[in-house]
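K.L.:
Got a predicted model here, sequence first, then my questions.
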Amino acid sequence: MKIRQLLADDGAVSPVIGVILMVAITVILAAVIGTFVLGLGEQTESAPQASFSFDFTDNDQTSSDSPDSLSITHDAGTAISSERLTFAVSGATAVDAASSTPASIAVGGTLGDSSWDILSSGTVNAGQTVTLDGDDFMYNTDGPTDDTLADGTTDDTADTPADNEALDLSGATVRIVWTSESGENSATIQTWTGPEA
């Protein structure tokens, strides 16, 4: 065999290079697709790890001067911005001697507002406590909110507590909800259930 002929013979080189290139392209494509499928290509904010404890005070509900209260303490875990935390409450009622009426969360006196930030702004650190009580709820005592009166004006006192009503949280469920800064993600961090819920 002549050396010149051996060096000039490259018939088997093309298929080998072709296979190597195909394998390399397949590996690169698999890595890129796998990254996005597994969510590694997109950074999402995850819920903080925190532990809260609840201290329920069950009052006698004989007057609005003795509503139930629920103290919530951040026991341990990640410090959380108070702007990211809200309360979700269901089953709270206003009770008088004759009946009970649904109560709606109204932190700071604003119906529907459930922000931790109103009770305590800044960063929620371990050891910090807030209390939900009768001042943080509104009660529909005489029918729908903003009743229209005969003279065309509205009665916006429908959602204020009557003198003989008190907040009853014994049948309530309270959830502490975290929402990401973008608002795209939320998670319930801790849940408390009343003794009669």
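P.N.:
Noted; the coordinates are in hand. Residues are numbered from 1 along each chain as shown.
K.L.:
for the protein, what spans make up the helices?
P.N.:
Using DSSP state H, the helices of the chain run over 3-8, 13-37, 116-119.
K.L.:
Show residues contacting the last one.
P.N.:
With CB atoms under 8 Å, 6 or more residues apart in numbering as the contact definition, helix 116-119 has outside contacts at 82-83, 85-87, 107-108, 124, 130-132, 136, 176. Where C-beta positions appear, they are placed from N, C-alpha and C, glycine not excepted.
K.L.:
Averaged pLDDT, it. What do you get?
P.N.:
Averaged across helix 116-119, the pLDDT comes to 82.
K.L.:
try the longest one
P.N.:
Helix 13-37 carries an average pLDDT of 86.
K.L.:
What residues sit buried inside it?
P.N.:
By 16 or more other CB atoms under 10 Å, helix 13-37 has no buried positions at all.
K.L.:
Out of the contacts of helix 116-119, give me the two with the largest separation.
P.N.:
Of all pairs drawn from the contacts of helix 116-119, the greatest distance, 19.2 Å, lies between E83 and T131 (CB to CB).
K.L.:
sorry, back to before: select from the contacts of helix 116-119 every entry located in strands.
P.N.:
L85, T86, F87, V124, V130, T131, L132, I176 (DSSP state E).
K.L.:
Tell me how far the last one lies from S121.
P.N.:
Okay, so that is I176. 16 Å (CB to CB, to the nearest Å).
K.L.:
More neighbours: those two, which one.
P.N.:
I176 (22 against 12; other CB atoms under 10 Å).
K.L.:
Pick out the residue closest to the middle of this protein.
P.N.:
Of all residues in the chain, the one closest to the mean position by CA atoms, centre = their mean is V177, 2.3 Å from it.
K.L.:
Look at the nearest residue to S115 once chain neighbours are set aside and report its pLDDT.
P.N.:
Using CB to CB, 6 or more residues apart in numbering and skipping residues adjacent in sequence, the residue nearest S115 is T86, 5.5 Å away. At T86, the pLDDT value in this model is 89.
K.L.:
One more: the one 10 residues further on?
P.N.:
At D96, the pLDDT value in this model is 66.
K.L.:
measure stretch 78-88 end to end?
P.N.:
In stretch 78-88, first residue to last residue: 20 Å (CA to CA, to the nearest Å).
K.L.:
What lies in contact with it?
P.N.:
48-50, 74, 105, 107, 114-117, 120-126, 132, 174-181, 188-189.
K.L.:
could you flag which of these are buried?
P.N.:
Buried, going by 16+ other CB under 10 Å: 48, 50, 74, 105, 107, 114-117, 124, 132, 174-179, 189, out of the contacts of stretch 78-88.
K.L.:
any idea which of the contacts of helix 116-119 is least confident?
P.N.:
G108 (67).
K.L.:
gap between Q190 and A172?
P.N.:
For Q190, the distance to A172 - CB to CB - is 14 Å.
K.L.:
out of those two, which sits in the busier spot?
P.N.:
A172 (23 against 17).
K.L.:
tell me the mean pLDDT over stretch 189-197?
P.N.:
89.
K.L.:
What of stretch 70-81?
P.N.:
On average, the pLDDT along stretch 70-81 is 91.
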